[in-house]
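In: have a look at this fold, sequence not included:
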């Protein structure tokens, strides 16, 4: 986990040469940081915003083999991802959770039932996990109320897994720090340092918290910035385009509007592309779209057409629920770092990674949330080959396949907290879900008043906020609301109400005065626009849904 002085430690380490400087605090960069640190390399990660502030907090939150990749005959990718899913379920069950998927198939559907059965039969054989089966109409109604049964041929079911992508990424980064890695967020890369031969030998960057400029020297710089790979390449003087970003958008609904107990996959009524509805403890996630992304990368938002596309899929799948645009609680978009293969359809573009070196910059693009670990292993293997022999010889073998990430916790932690600390069940559940093994520490040392909800109707307490600050690398209010407690994702309106209540707690922990707290609330509200229903469409959001 992070320690309270994580930034000071990283800044103090700048005086010595690093083996690697990793740029990018998403799942790929954090995975490389962990892998390299475990091998005994001296490694620093630099991130311009927050851990997981880009694509790694805006994904579909699935840890899965990728059933649709079988249709594209990408057998290696599906087999690798299925193996990684089972590994994460085993090593980090506090962060990765099994989820049951339902696939209703109707007479006359395309693809036909036999093709789906063949695909699931192949999927079964990629892993040692549970095999697919069928469920009857009564079970379908119990697990996914509102799914039509008229003209239903059969309903197939299979298992995959879900996660909170931002908390998974944070867990990987925190575990890397436990192994000697260093992290600095809120820094802007200004230029590269070059040796006499013209190769990169480090970076000059500005600390956005203090406005001070620092330099860090390294034997190799790793570009793990995802969709921003070419942005960094260009800033460091390298020409050309290697990545063509694609956008995936999602809608968020309250659990009482879509009261499903299992995930549902069904072809879109528009184009037959698979659309899914996944239940989480906080709500239901509906997605996703797949479009080549044009324009800026820092504030991607769903287009009106994407929102309408997903809303039609919801209404078609749950016609009896009376879902309208006003039921959309949140909407967000993420930008995938797809390697440009000149594919005309982003859904047909490969999700496999590519790694290449230019003038001392090792870049990696592509990949999936699920395959972060083997991607990192491949990148660090390549990095070791490029290090000076005296440093490469010190590197140990990759150990991430045996490493739990984050702070492991027992499955019944919430019940233990509620019983031992006399915490109300909703608060105990939230502490366990979002803090994992840190929750006990947070609750044991908290004043009784810090274990009560900060806002009626929510499950966020001051003790949780303090724990995120002390052990979760929080530097801004938006970090807490968007990527630690996740209210910005699941209930942006509640996040706005929480902002002025959370800011004073952060002020106590981080030494902010009243003016800084006010600025943080304003900045958090601005950041929440991209996650709010109206803000997603470029309008100023209020507390309601789409008009």
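Out: The structure has been received and is ready for your questions. Note that the structure is predicted; figures quoted are calculated from it, not measured. Numbering: from 1, shown residues only.
In: C-terminal to the helix ranked longest in the chain, what's the next element?
Out: Longest among the helix segments of the chain by residue count, using DSSP state H, is helix 492-510. Proceeding N to C from helix 492-510, the next assigned helix or strand is helix 514-528, under DSSP states H and E.
In: what angle sits between that following helix and helix 492-510?
Out: Inter-element angle recorded for helix 514-528 and helix 492-510: 150 degrees (by axes from the mean of the first three to the mean of the last three C-alpha atoms, to 10 degrees).
In: going forward, count from 419.
Out: Noted, 419 is the first residue going forward, which turns the last one into helix 932-946.
In: pull out the buried residues from helix 932-946.
Out: Under the neighbour-count criterion of 16 or more other C-beta atoms under 10 Å, helix 932-946 has 935, 938-939, 942-943, 945-946 buried. Backbone N, C-alpha and C define where each C-beta goes, glycine included.
In: between these, which is nearest residue 448?
Out: Nearest to residue 448, judged by C-beta to C-beta, of the buried residues of helix 932-946 is residue 945 at 20.7 Å.
In: let me see the contact set for the closest one.
Out: Residue 945 sits next to 896, 900, 906 when contact means C-beta atoms under 8 Å, 6 or more residues apart in numbering.
In: make JSON lines out of those residues and add distance to residue 440 and neighbour count.
Out: Compiled in JSON lines, those are given as follows (distance: C-beta to C-beta, whole Å; neighbours: other C-beta atoms under 10 Å):
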{"residue": "896", "distance to residue 440": "23", "neighbour count": "23"}
{"residue": "900", "distance to residue 440": "22", "neighbour count": "27"}
{"residue": "906", "distance to residue 440": "26", "neighbour count": "27"}
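In: give me the subset of those residues lying in helices.
Out: Counting by DSSP H, the contacts of residue 945 place 896, 900, 906 in helices.
In: domain-wise, how is the chain divided?
Out: If you go by automatic domain parsing, the domain ranges for the chain are 424-474+584-661+767-820, 515-580+663-762, 831-954.
In: one step back: what comes up buried for the longest helix of the chain?
Out: For helix 910-928, the neighbour count (16+ other C-beta under 10 Å) marks 910-921, 923-925, 927-928 as buried.
In: cool, stretch 420-439 as well?
Out: Neighbour-count burial for stretch 420-439, with 16+ other C-beta under 10 Å as criterion, is recorded at 420, 424-425, 428-429, 432, 436-439.
In: pLDDT on that stretch, on average?
Out: Mean pLDDT, computed over stretch 420-439, is 97.
In: and for stretch 893-906?
Out: Mean predicted lDDT for stretch 893-906 stands at 98.
In: cool, and stretch 914-923?
Out: In the prediction, stretch 914-923 has an average pLDDT of 98.
In: that older thread, can you list the domains of the chain in CSV and add distance to residue 508?
Out: Converted to CSV, the domains of the chain look like this (distance: least, C-beta to C-beta, whole Å):
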stretch, distance to residue 508
domain 424-474+584-661+767-820, 10
domain 515-580+663-762, 11
domain 831-954, 16
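In: which among these is found nearest to residue 498?
Out: Residue 498 lies closest, by C-beta to C-beta, to one member of those: domain 424-474+584-661+767-820, at 6.0 Å.
In: what about that closest one, start to end distance?
Out: Domain 424-474+584-661+767-820 has an end-to-end distance of 25 Å (criterion: C-alpha to C-alpha, to the nearest Å).
In: backbone phi and psi for the nearest residue to residue 546 once chain neighbours are set aside, please?
Out: Leaving aside its chain neighbours, residue 546 sits nearest to residue 504 (6.5 Å; criterion: C-beta to C-beta, 6 or more residues apart in numbering). The phi/psi pair for residue 504 (degrees, to the nearest 10) reads phi -70, psi -40.
In: and residue 504, how far from residue 578?
Out: 11 Å (C-beta to C-beta, to the nearest Å).
In: ditto for residue 748
Out: Note on residue 748: its distance to residue 578, by C-beta to C-beta, is 22 Å.
In: same check, this time on residue 587
Out: Per C-beta to C-beta, residue 587 is found 19 Å from residue 578.
In: same thing with residue 788?
Out: Between residue 788 and residue 578 the computed distance is 9 Å (C-beta to C-beta).
In: could you give the number of residues near residue 504?
Out: Residues within reach of residue 504, counting by other C-beta atoms under 10 Å, total 17.
In: if I read this right, it contacts residue 516, doesn't it?
Out: No - the pair residue 504 and residue 516 does not pass the contact test of C-beta atoms under 8 Å, sitting 10.2 Å apart.
In: quick check: residue 872 touching residue 916?
Out: Yes - applying C-beta under 8 Å as the test, residue 872 and residue 916 come out as touching, 6.2 Å apart.
In: what touches both of those two?
Out: residue 878.
In: quick one on the thing from earlier: overlap in contacts, residue 788 and residue 578.
Out: When contacts are counted by C-beta under 8 Å, 6+ apart, residue 788 and residue 578 have 480-483, 503 as shared neighbours.
In: nearest to residue 733 among those residues?
Out: residue 480 (22.7 Å).
In: and the closest one, bridged to which residues?
Out: Beta-bridge pairing of residue 480 under DSSP bridges involves residue 580.
In: quick one, what contacts it?
Out: Neighbouring residues of residue 480 by C-beta under 8 Å, 6+ apart: 578-581, 694, 696, 787-788.
In: distance of it from residue 444?
Out: For residue 480, the distance to residue 444 (C-beta to C-beta) stands at 16 Å.
In: got it, and residue 619?
Out: Distance of residue 619 to residue 444, given as C-beta to C-beta: 25 Å.
In: neighbour count: the two, which is higher?
Out: Here residue 619 and residue 444 are compared on neighbour count by other C-beta under 10 Å; more neighbours surround residue 444, at 30 against 19.
In: is it true that that one touches residue 468?
Out: No - contact criterion C-beta under 8 Å: residue 444 and residue 468 do not qualify, at 10.5 Å.
In: you'd agree residue 668 is in a strand?
Out: Yes - with DSSP: H, G, I helix; E, B strand; the rest coil as the criterion, residue 668 is part of a strand.
In: quick one, grab the pLDDT at it.
Out: The model's pLDDT for residue 668 equals 97.
In: show me the beta-bridge partners of the nearest residue to it once chain neighbours are set aside.
Out: Sequence neighbours aside, residue 705 is the residue nearest to residue 668 in space, at 3.7 Å (criterion: C-beta to C-beta, 6+ apart). Beta-bridge partners recorded for residue 705 (DSSP bridges): residue 668, residue 694.
In: how many other residues sit next to residue 705?
Out: Neighbour number of residue 705 under other C-beta under 10 Å is 25.
In: I figured it hits residue 694, correct?
Out: Yes - using C-beta under 8 Å, residue 705 is in contact with residue 694, at 6.5 Å.
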